[in-house]
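*Asks:* Build me a structure from this.
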Amino acid sequence: MLTVELPELGARSYYSGWVGKAVAKRAGRFYYVSHAARQSVELYQVSTRQAAIRRAQRAGSYERIAGLRVVEEVGRSRRVRWSEPDGRLRERHLNELTAAQRTRMFVRGEDGLEPVWLTETGMRMAYRSWTKTFERASDRCKAAGVKVFATPKMLRHSMALRVLVSLHHALDGRLGLSPSQRRLYEDAYGTVWTVVKDLLGRRSEETTREIYLESASHRAIRWPRATGTPTTPVTPRATPTTPPSSPTEQGRSP
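*Replies:* Coordinates of the predicted model:
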């Protein structure tokens with residue numbers, strides 16, 4: 001993900017952003033993030049990330065990247081204009097930029113070139129490398145005597161379960177919908193399974209049900225209060241076929 005694709009930090013409880021079609025699992029789609037999570041990313045950008053960038057700049061690491069592209073402009077229509085190593089200008093929609101193209105995108109800062117993608121090291125990292133990142137973090141926890149182990153798939157599964165159970169509680173409890181009212185609500189806005197399916201980038205709602213139904217039922221029965229509900233109810237929505245056309249639409253709360 002590029003830094004320009006992050007929703008603007010403000011005073012909302014939740015923010016929405018857009019995952020580009022070329023780097024999403026199935027299709028471009030909205031994602032939602034809490035204020036606390038977005039604030040943590042902002043703090044990371046101005047602290048740990050900046051320190052990593054400065055180290056790479058001092059070592060001249062960025063100048064050695066083949067095919068480096070310097071971003072000149074990101075328009076309101078989400079079209080990116082950049083200059084190639086030979087000086088030619090090119091342009092493409094954010095939705096069409098592949099993972100390989102994104103890792104060669106830079107901007108000119110006060111102290112030199114800076115990457116516009118998010119990584120912990122300030123250098124290029126394939127998205128599949130996150131598995132190793134989690135393994136090393138789990139090893140550090142084990143060495144420190146902390147009984148924590150996680151993988152990207154575990155977090156993905158946990159997120160889906162939390163969203164699923166929280167939305168069920170929001171519809172049945174917080175909104176006080178009767179069974180007939182809930183059916184009308186789902187006919188108009190879609191089911192909670194549709195939301196989870198879209199967030200996971202799955203094609204089939206039936207497959208999503210098969211994977212998460214038993215776990216969701218078990219979790220809802222054992223920990224009905226531990227899951228909580230969103231501060232602001234998230235309205236279920238189908239995955240759109242086109243991204244927001246402006247930064248204002250991109251940062252709109254669900």
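
*Asks:* How are the helices of this structure distributed by residue range?
*Replies:* Here the chain has its helices, by DSSP state H, at 35-46, 48-58, 99-102, 130-143, 152-169, 179-189, 192-200, 205-222, 247-250.

*Asks:* Mean pLDDT and distance to Ser77 for those - can I get that in TSV?
*Replies:* Any C-beta I mention is one placed from the backbone N, CA and C, and that applies to glycine too. Rendered in TSV, the data for the helices of the chain read as follows (pLDDT from 0 to 100; distance: least, C-beta to C-beta, whole Å):
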stretch	mean pLDDT	distance to Ser77
helix 35-46	92	23
helix 48-58	90	27
helix 99-102	88	18
helix 130-143	89	31
helix 152-169	81	30
helix 179-189	73	28
helix 192-200	77	24
helix 205-222	63	32
helix 247-250	42	10
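
*Asks:* ok, and which of those helices has the densest surroundings?
*Replies:* Most buried of the helices of the chain, by mean neighbour count (mean count of other C-beta atoms under 10 Å): helix 192-200, with a mean of 21.

*Asks:* how close does the residue nearest to Thr151 when sequence neighbours are not counted sit to Ala150?
*Replies:* Once flanking residues are discounted, Thr151 sits nearest to Phe134: 5.2 Å by C-beta to C-beta, 6 or more residues apart in numbering. Separation of Phe134 from Ala150 (C-beta to C-beta, to the nearest Å): 6 Å.

*Asks:* again with Glu114
*Replies:* 30 Å.

*Asks:* and if you look at Gly109?
*Replies:* 33 Å.

*Asks:* picking up where we left off before, go through the helices of the chain and name the closest to Arg79.
*Replies:* helix 247-250 (12.6 Å; C-beta to C-beta).

*Asks:* Show the contacting residues for the closest residue to Leu167 other than its chain neighbours.
*Replies:* In this structure, Leu167 finds its nearest non-sequential neighbour in Val192, 4.0 Å apart by C-beta to C-beta, 6+ apart. Applying C-beta atoms under 8 Å, 6 or more residues apart in numbering to Val192 gives the contacts Val163, Leu164, Leu167, His168, Leu171, Pro236.

*Asks:* Over to Gln101?
*Replies:* Arg69, Arg92.

*Asks:* my guess is Leu9 meets Gln45, correct?
*Replies:* No: counting by C-beta atoms under 8 Å, Leu9 does not reach Gln45; the two are 10.0 Å apart.

*Asks:* And the pLDDT for Glu114?
*Replies:* On pLDDT, Glu114 comes in at 90.

*Asks:* Show me the beta-bridge partners of it.
*Replies:* Val107 (DSSP bridges).

*Asks:* Would you agree it is in contact with Val107?
*Replies:* Yes: Glu114 is within contact range of Val107, at 5.4 Å (criterion: C-beta under 8 Å).

*Asks:* Which of the two has more residues huddled nearby?
*Replies:* Glu114 (20 against 15; other C-beta atoms under 10 Å).

*Asks:* related to what we said a few turns ago, how about TSV for the helices of the chain, with distance to Val71 added?
*Replies:* Output for the helices of the chain, formatted as TSV (distance: least, C-beta to C-beta, whole Å):
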stretch	distance to Val71
helix 35-46	16
helix 48-58	15
helix 99-102	11
helix 130-143	24
helix 152-169	28
helix 179-189	37
helix 192-200	28
helix 205-222	36
helix 247-250	15
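
*Asks:* For Glu72, which of those is the nearest?
*Replies:* helix 99-102 (15.1 Å).

*Asks:* if we can go back for a sec, for the contacts of Val192, which one is nearest Glu84?
*Replies:* Taking C-beta to C-beta as the measure, Glu84 lies nearest Val163 of the contacts of Val192, at 41.1 Å.

*Asks:* Not including adjacent chain positions, what is the nearest residue to that closest one?
*Replies:* Per C-beta to C-beta, 6+ apart, closest to Val163 is Val196, 5.7 Å.
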